Structure formats: structure tokens, C-alpha cells
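[1] got a predicted structure here, sequence first:
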Amino acid sequence: AACVLGAAIPAHAARPLTIGFSQVGAESEWRTANTASIKSAAKQAGVNLKFADAQQRQENQVKAIRSFIAQRVDVIAFSPVVESGWDTVLREAKAAKIPVILTDRAVKVSDPSLYVSFIGSDFVEEGRRAARWLSEHQKKNPNRSYNIVELQGTVGSAPAIDRKAGFAEVINGNPKLKIIRSQTGDFTRAKGKEVMEAFLKSEGKNINVLYAHNDDMAIGAIQAIEEAGFKPGKDILVVSIDGVRGAFEAMLQGKLNVTVECNPLLGPQLIQTAQLVKAGKPVPKRIVVNEGVFPAEVAAREFPNRQY
Ligand code: GYE
């Protein structure tokens with residue numbers, strides 16, 4: 001572009017970077033924090049962000065990506081609701097020479113060159129961490145057996161598949177830890193409560209542990225446990241993942257035993273990666289987020305430091 005007023009502004013600096021971002025939805029506290037992080041990082045960097053909410057539906061994400069291609073955005077980023085079924089639309093983006101960055105959730109594609117980078121957590125490790133906490137607890141009560149009910153995340157999503165696998169990997173060798181029921185609660189409070197009610201109806205006192213793939217489902221389930229006349233955190237141990245504010249509040253009330261951290265504040269890394277990609281610089285194919293584990297004993301100390 002020509003410099004009309006004579007100031008020496010290079011052409012690339014005159015035009016802000018445009019990113020099209022397709023978000024999963026607004027299903028959880030985690031997701032709300034993730035969306036806020038991406039929007040604020042974009043704003044701070046002067047990036048033009050086109051944001052689309054897919055309401056947990058893959059077809060909406062495919063439509064959004066196609067519209068970003070039609071609008072010729074500089075970079076497409078998205079958090080894929082499920083792992084499979086992306087080959088066609090990602091090939092369309094590649095043909096249009098628009099680089100794609102995955103955030104939060106991974107995809108299964110035949111050709112890894114269909115995206116430039118994946119920024120997100122190690123969900124298998126999160127599942128292992130949840131199970132390790134439970135194994136430690138069981139070791140302190142060596143004569144007891146624990147029947148576990150599992151609330152899975154969205155069917156076909158990377159965090160549901162991986163958190164299930166990581167947890168199973170750790171408990172499998174231990175005959176005292178057994179999953180007796182496992183069903184999806186779609187990562188929401190309402191579904192978590194509903195499915196826990198069904199578990200309680202059929203299994204009642206047999207349930208010793210709830211493992212929820214996210215805090216929101218655990219929080220919904222805690223309500224169901226209380227309504228059924230049991231004490232969450234005591235009669236039924238509650239183990240979950242994310243580390244959101246609501247989980248810390250539940251721990252402080254003695255209703256949740258542990259949350260494994262999954263950091264949603266991916267905005268700054270996403271924007272930075274998009275800027276590097278646009279500038280033609282190399283970026284790592286996989287960027288893993290650092291995370292911790294918070295048992296209820298440390299909740300009071302950690303609570304003031306929480307940013308989401
Ligand atoms: O754990 C859950 C959310 O993909 C890591 O999605 C994310 C998960 C998160 O709805 O709360």
C-alpha cells in the first residue's frame with residue numbers, strides 16, 4: 001500500500017492481523033475463561049478477531065471455518081469440538097493458503113501439514129494425575145475397595161477420550177479401584193447433575209468415588225449427591241479436572257476432594273503464534289501448557305492466586 005501522508009509506515013504494519021477463531025461453545029467455566037483470554041489478548045495486540053461460537057456442534061465450526069476462508073482472514077484458529085471429521089475443511093483452508101492453528105483440543109487428521117501448530121494441555125496426563133491422587137488415597141486405606149462412577153466429557157472430544165484413557169491406565173493394575181458406571185455429561189453442570197442422579201438411582205450406596213472429566217460436571221453432580229442424602233467429598237469422594245473458581249469454592253466447603261489443573265488462559269500464546277506464522281517464522285508443532293494438581297488441603301492457600 002502507498003504511504004499517502006509520507007510517513008514511513010511499512011505496508012504490513014498498516015494492516016492489522018485478522019484471525020478467524022471458532023470456539024467450541026460456552027459450556028463451562030473453563031470455556032468462559034478461555035474465551036475471555038483470547039478476546040483480551042487479541043485486543044491488547046491490536047489483532048482483528050472474528051469470533052464465532054459453535055454451540056458445541058461440529059457442523060457450526062465447519063461453517064465458520066468456511067466463512068473465514070471466504071473472508072480471506074490471515075490465520076484461522078479453532079478449538080475442535082470433536083477429534084475426527086476435519087480433513088475436508090482443513091484441506092480447503094490449505095488450498096486457500098490460510099494457516100490453521102489448533103488451540104485447546106486436538107484433531108485426528110491423515111495429513112499433519114493441515115495445521116501449523118497445536119497449543120494445548122496434555123489431557124492424558126491430566127487423567128493420570130486424577131487417578132494418581134485416588135491411588136494415593138487408596139494406599140492410605142489399603143483394606144478398602146472403591147467403586148468409581150465416571151462422568152465423561154463430550155463424546156468424541158479429545159479431552160474426554162484422553163482423560164478417560166489416562167485415568168484408566170493408572171487404575172487398571174489396581175483391583176481395589178473399579179469403574180462401575182461411565183457416561184457422558186457433555187461437560188455441563190446440568191448434564192452432570194442429571195447423569196449423576198441416574199447413577200445414584202441405580203447404584204446408590206455402592207458409589208464411593210465420582211471422577212468427572214471437568215469441574216462443571218462435578219459441581220452439578222455434587223448437587224445430585226446432596227439431594228440424594230449423601231455427603232459429597234466424604235460419603236462419595238469427588239475428583240475432577242480444570243481448577244476453576246467453582247471447584248475451589250467446592251473444595252473450601254469440603255465437597256470436592258481434588259481438582260487437576262487445566263489452564264484455559266491460552267490467548268497470549270495463540271496470538272503470539274499467529275503473529276509468528278503470519279511473519280513466516282517457524283513455530284513449534286506442539287505447544288504444551290504447564291499445569292498443577294490442587295488437593296482440598298491447599299485450596300485456601302491457592303484460592304487468592306487463581307485467575308479463572
Ligand atoms: O476441561 C472443559 C471444557 O477442552 C480442556 O472443555 C477443554 C475442556 C474443559 O468444556 O471444562
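    Done, it's in.

[2] residue 217: what secondary structure?
    Per DSSP: H, G, I helix; E, B strand; the rest coil, the local secondary structure of residue 217 is helix.

[3] so what's the nearest residue to it once chain neighbours are set aside up against?
    For residue 217, ignoring the flanking residues on the chain, the nearest one in space by Cβ to Cβ, 6 or more residues apart in numbering is residue 192 at 3.0 Å. Quick note: C-beta positions are derived from backbone N, CA and C, even for glycine. Contacts of residue 192 were listed using Cβ atoms under 8 Å, 6 or more residues apart in numbering, and they are 151, 185, 212, 216, 217, 218, 219, 220, 221, 224.

[4] the third one and residue 239 touch, don't they?
    Yes. Counting by Cβ atoms under 8 Å, residue 212 touches residue 239, with 7.3 Å between them.

[5] anything in contact with each of these two?
    Joint contacts of residue 212 and residue 239 (Cβ under 8 Å, 6+ apart) are residue 218.

[6] the more surrounded of these two?
    Counting neighbours by other Cβ atoms under 10 Å for residue 212 and for residue 239 shows that residue 212 has the greater number, 32 against 24.

[7] so what's residue 2 scoring on pLDDT?
    Reading off the confidence values, residue 2 has pLDDT 38.

[8] next one: residue 275
    On pLDDT, residue 275 comes in at 97.

[9] state the distance from it to residue 120.
    Going from residue 275 to residue 120 by Cβ to Cβ, to the nearest Å gives 18 Å.

[10] quick one, which of the two is more surrounded?
    Between residue 275 and residue 120, residue 120 has the larger neighbour count (other Cβ under 10 Å), namely 23 against 17.

[11] identify the residues contacting the residue in the stretch 51-200 of the chain positioned nearest to the ligand.
    Distances from the stretch 51-200 of the chain to the ligand, computed as Cβ to the nearest ligand atom, single out residue 187 as the nearest residue at 3.8 Å. Residue 187 sits next to 27, 28, 153, 154, 157, 160, 213, 214, 216, 217 when contact means Cβ under 8 Å, 6+ apart.
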